[in-house]
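> Here's my sequence, what's the structure:
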Amino acid sequence: MTQGKVKVYVLCLVLLLFLPKVAGADARSSSADPTKELHSLYRGGMIILVGKPASGKGTLAKRIMELLGVKAFSMSKALGEIREAAEAMEKGLLVGDDLVNRAMAKDLRRRIESGEGFNFILDGAPRSPAQAEFLLDLVTKLGIPLEIVVNLQISDDVARERSKGRRESFIAEGKQPRSGDQPEKFDLRLKEFYIKTEPAMHIMADGVGPLYITVNGHQAPDKVFLEFVDKGVEVLRSRSSAGRDGK
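Numbers count the residues shown, from 1 in each chain. Predicted structure coming up:
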């Protein structure tokens, strides 16, 4: 065998041994991509985000919308469809549980009648035990698919620091800071969280069982998103397995 033929033979042997490993690695890499798996497991139902003010719900919601192609549920728009609620908001008054519940019910029933679907994120609601109990009951009665309930957890100190940073950033850019980021008002929002929203979260956790997940909101936004994806995949895998087993 000539030297040239030997080189060709060795090259072919290397390719035969190496290429299958590369192909297998690529396949494993593709199948192991949790964002793709979450996208494939998602069935077009409702996702709920809850947590303290400044916990990063809005930032996470945007990433989820980009990944899954879902929309944001506009509570202000839904409330605007209820005359009493619209009048209260115009006057700067708090909107009570009854009006919030009516607004949610009206919007969800509209989605059923129009065939619009429930592929949206409910951000920052429910905010009270009465809202949580009403929402769980409504979801069950109307047969609305619920995918995941996410509790984005941060400490009070981190929440205050983020609120302060947001306020200072608005001022530096020449913008009017959010009224809710004024220190006194933000502390009131935190107090209300413990009085109303935290008990509502316990009700949601009991009501949805394994669909309820907690995510560490102290992390950088990318890591928060990846933790949500990993835990979301785990939850939806379990649901799929239960469905196949006929449970």
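> Could you list the residues in contact with the helix or strand S163 falls within?
For S163, the element it lies in under DSSP states H and E is helix 156-172. When contacts are defined by C-beta atoms under 8 Å, 6 or more residues apart in numbering, helix 156-172 is touched by residues 52-56, 154, 176-178, 180-183, 186-187, 190, 217-218. Glycine gets a C-beta too; all of them are placed from N, C-alpha and C.
> out of those residues, which are buried?
K52, P53, A54, S55, G56, I154, D181, F186, L190, G217 (16 or more other C-beta atoms under 10 Å).
> Mind checking which of those residues are in strands?
Among the buried ones among the contacts of helix 156-172, DSSP state E puts none in strands.
> quick one, what contacts D187?
With C-beta under 8 Å, 6+ apart, D187 has these contacts: R160.
> please redo it, this time with the cut-off set to 10 Å
D156, A159, R160, S163 (C-beta atoms under 10 Å, 6 or more residues apart in numbering).
> can you redo those residues as JSON lines with distance to I82, neighbour count and pLDDT?
Shown next, in JSON lines, are these (distance: C-beta to C-beta, whole Å; neighbours: other C-beta atoms under 10 Å; pLDDT from 0 to 100):
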{"residue": "D156", "distance to I82": "33", "neighbour count": "13", "pLDDT": "97"}
{"residue": "A159", "distance to I82": "30", "neighbour count": "22", "pLDDT": "96"}
{"residue": "R160", "distance to I82": "33", "neighbour count": "17", "pLDDT": "96"}
{"residue": "S163", "distance to I82": "29", "neighbour count": "23", "pLDDT": "95"}
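> And stretch 180-197, end to end?
16 Å (C-alpha to C-alpha, to the nearest Å).
> now that stretch: mean pLDDT?
In this model, stretch 180-197 has a mean pLDDT of 91.
> ok, now stretch 237-247?
Here the average pLDDT along stretch 237-247 is 65.
> could you pull out the helices for this structure?
Secondary structure of the chain (DSSP state H): helices at 3-31, 34-41, 57-68, 75-80, 83-90, 97-114, 129-142, 156-172, 183-192, 198-208, 221-244.
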